[in-house]
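Participant: sequence plus the predicted model coming up.
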Amino acid sequence: MVDVLYSLVDVNERFDQLILDHLYIRHLNMTTMTIRSVFDRIYSIDDQVLSRICEQILPRIHHQVNQLTVDPYSMDRLLTVNYSQLYSLSLVDFQEKILLQYLKGNSILSDLLSEQITHLSIDMEVKTSMPPLSKTVSKIFVLILSLCKRLISLNFCSSYRYRLMAIHIFKPSTTNCISSTLTTLNINVDNFADCLYLLDGRLNCLSTLIIRVLKIPPVISKIKNTKKLPKLKSFSLTSVYITMAYDNLIIPLLRRMINLEELKLFLSVIRFDSTYIDGIQLHDEVLIYIPRLNKLTFSIDTILFNNNIKIDHRSNEEIRRSFIGRVYGQIGSDVQTIVMKNKGMCHVYSLPYQFEDFCRLNNSFQGGMFDKVQCLVMIDEIYPFEHHFFQLISQDFPFLKELYIVNCHPQKDKQHSSTLIRFPYLWLLDIDMAHMDYVEEFLFDKNIHLPRLLNLSIKYESFAIVTNNFTNDAARVTCGKLKYLEISEPFVRPENFHQYFPLLL
């Protein structure tokens, strides 16, 4: 949009009619994205472009703008005019301390938030995949709730999957984390106590909660809320990390949502001396308690350890049969049993698959189309991942952007087929916990072509051996594109290192 406004406005009258039409400029996005690496992006527009738009175009369109997207660089200049029809504001790529200063000290922004804005999206600057918890970000969340008197929808640090920032907000003494208008909240929190805190009645009009929880510990002692949640109509819970609290925390929470109409679950559960989570259990333990549910979407991993009692691990066919004749629709499942460890893994999921993440895929994977998945984690404790299996993955996950491989087993089939595998959108590869065979598999361009790879996580020793101390031409094409290299252990860069990675930031 920025380029169109800058280049085509005032070219001729016909262009002006098209570009300045209310339906086109009602959402004014004054950011543009330049990707340096996966976690390093620039959103600011060129100063000359910004000046022209602010001085010559904005005075002609400001009264028609309903939605505005700004970054820290452009906000001061863009907020000098009156947006009488503005109801939606997106703040993109803000450093937390700078945003807090704006919220406390910028009267124009404060007035907008207090008197006009009903829909707000906050995006913080994030440079790593796991940003640390920040008290400042928690303060910003509380301040927004107290400042925004008309707020209906809040997306807090959840706009982009590569910039998710979890916050910790659970403080029993806090009384100002209250909103009587908010109906929709999209947020990432540190632990399950934060989730329960948001559902304790402080947000008394909340009907839709989309929440990602970093940690769900087995026990939470400070919150005993068991009240029903009759106003909640849509609930989405995502927790990528393994939890042991499915039975004692998650199920009781779901049972409180008596009028729920839409439920989305992405969970990884560990159980001891028990059984897999299947269709029968979901129905008997959850669904019968929320009778108004009309849409269920789920991806649930169960990791099972049966050490003390003898329980036969159910087969994949038995798991699938447990969903027949109920309200689930089409489902997929994958089951792997490790007899020597009394361990089993079962993954059940709705089809078509609706999530951007797919965790703990192993050689039991049955295949299918997973075109929404952007991040895949592959783990197998028993078998290696062979070349032909990666060919299947490239076909079934056509838009994959992030791939994490955990496998210590060397490949058995060293004679790769002549078919070149392509991951056309992959920009992050993590093989730090993989056998060195996978270094050759992915970095040698004759095996797998990675035209957009930017970030690589890898062990230095494996990397140096496979590339012959960074002299091997077979990996030079792929390595020459890298912008960011993550190697956890310290090392001394050899003389030709910079030539092998000319684009490293």
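Facilitator: Structure's in. What do you need?

Participant: contacts and neighbour counts: CA atoms only from here.
Facilitator: OK.

Participant: would you mind listing where this protein has pLDDT under the threshold?
Facilitator: Along the chain, the parts satisfying pLDDT under 70 run over 1-24, 127-131, 162-163, 170-176, 221-224, 309-312, 415-417.

Participant: domains of it?
Facilitator: 1-64, 358-505 (automatic domain parsing).

Participant: max-length helix in the chain?
Facilitator: Identified as the longest helix of the chain according to DSSP state H is helix 135-147.

Participant: circling back: so which of the domains of the chain is nearest Lys104?
Facilitator: domain 1-64 (23.0 Å; C-alpha to C-alpha).

Participant: now do the SS call for Arg271.
Facilitator: strand (DSSP: H, G, I helix; E, B strand; the rest coil).

Participant: same question for Lys412.
Facilitator: coil.

Participant: measure it to Pro384 for me?
Facilitator: Here the criterion is C-alpha to C-alpha, to the nearest Å. By it, Lys412 lies 7 Å from Pro384.

Participant: can you pull the residues that touch both of the two?
Facilitator: Counting by C-alpha atoms under 8 Å, 6 or more residues apart in numbering, Lys412 and Pro384 have no shared contacts at all.

Participant: who has more neighbours out of these two?
Facilitator: Pro384 (23 against 12; other C-alpha atoms under 10 Å).

Participant: report the contact partners of that one.
Facilitator: Pro384 neighbours (C-alpha under 8 Å, 6+ apart): 407-412.

Participant: what about the strands in the stretch 51-200 of the chain?
Facilitator: Counting by DSSP state E, counting those that start in this stretch, the stretch 51-200 of the chain has these strands, from start to end: 67-70, 88-94, 119-124, 153-156, 184-191.

Participant: so which of these is nearest Leu392?
Facilitator: strand 184-191 (32.7 Å).

Participant: list the contacts of the closest one.
Facilitator: 133, 152-158, 164-169, 195, 206-217.

Participant: what's the answer for stretch 252-267, then?
Facilitator: 226-242, 286, 289-301.

Participant: how much space separates Val137 from Ser114?
Facilitator: 19 Å.

Participant: more crowded one of the two?
Facilitator: Val137 (23 against 18).

Participant: residues in contact with the spatially closest residue to the more buried one that is not a sequence neighbour?
Facilitator: Nearest non-adjacent residue to Val137, counting by C-alpha to C-alpha, 6 or more residues apart in numbering: Glu96, 6.1 Å away. By C-alpha under 8 Å, 6+ apart, Glu96 lies in contact with 124-125, 136-137.

Participant: secondary structure class of Asp301, three-state.
Facilitator: strand.

Participant: wait, what's in contact with it?
Facilitator: 267-269, 345-348.

Participant: if we can go back for a sec, reformat the domains of the chain as a markdown table; add distance to Ser146.
Facilitator: Listed next are the domains of the chain as a markdown table, based on distance: least, C-alpha to C-alpha, whole Å:
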| stretch | distance to Ser146 |
| --- | --- |
| domain 1-64 | 26 |
| domain 358-505 | 36 |
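
Participant: which of these is buried the deepest?
Facilitator: Of all the domains of the chain, domain 358-505 has the most neighbours on average by mean count of other C-alpha atoms under 10 Å, namely a mean of 17.

Participant: and the residue most central in space within the chain, how far is that from Gln374?
Facilitator: Centroid check for the chain by C-alpha atoms, centre = their mean gives Arg161 as the closest residue, at 3.3 Å. For Arg161, the distance to Gln374 equals 9 Å [C-alpha to C-alpha].

Participant: tell me which of the contacts of Asp301 is nearest to Ser180?
Facilitator: Leu267 (30.3 Å).

Participant: would you say that closest one is within a strand?
Facilitator: Yes. Counting by three-state DSSP, Leu267 is found in a strand.

Participant: what's opposite it in the beta bridge?
Facilitator: Judged by DSSP bridges, the bridge partners of Leu267 are Ser239, Ile300.

Participant: and it, how many neighbours?
Facilitator: When counting by other C-alpha under 10 Å, one arrives at 23 neighbours for Leu267.

Participant: over to Pro72?
Facilitator: For Pro72, using other C-alpha under 10 Å, the count is 17.

Participant: any idea how far Pro218 is from the residue nearest to it when sequence neighbours are not counted?
Facilitator: Of all residues not flanking Pro72 in the chain, Phe94 sits nearest, at 5.9 Å (C-alpha to C-alpha, 6+ apart). According to C-alpha to C-alpha, Phe94 and Pro218 sit 35 Å apart.

Participant: who has more neighbours out of these two?
Facilitator: More neighbours surround Phe94 than the other of Phe94 and Pro218, with 18 against 14 (other C-alpha under 10 Å).

Participant: so who does the more buried one touch?
Facilitator: Contacts for Phe94 (C-alpha under 8 Å, 6+ apart) come out as 71-72, 123-125.

Participant: got CSV for the residues you listed, with distance to Leu403 too?
Facilitator: Shown next, in CSV, are the contacts of Phe94 (distance: C-alpha to C-alpha, whole Å):
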residue, distance to Leu403
Asp71, 30
Pro72, 32
Asp123, 24
Met124, 24
Glu125, 23
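
Participant: residues in contact with the residue nearest to the centre of the chain?
Facilitator: Shown in contact with Arg161 (C-alpha under 8 Å, 6+ apart): no residues.

Participant: roughly how far does it sit from Phe272?
Facilitator: Separation of Arg161 from Phe272 (C-alpha to C-alpha) stands at 32 Å.

Participant: over to Lys264?
Facilitator: Using C-alpha to C-alpha, we find Lys264 at a distance of 25 Å from Phe272.

Participant: could you tell me how far Ile288 is located from Leu254?
Facilitator: Counting by C-alpha to C-alpha - Ile288 and Leu254 are separated by 11 Å.

Participant: can you check Glu402 too?
Facilitator: Glu402 is 31 Å from Leu254, by C-alpha to C-alpha.
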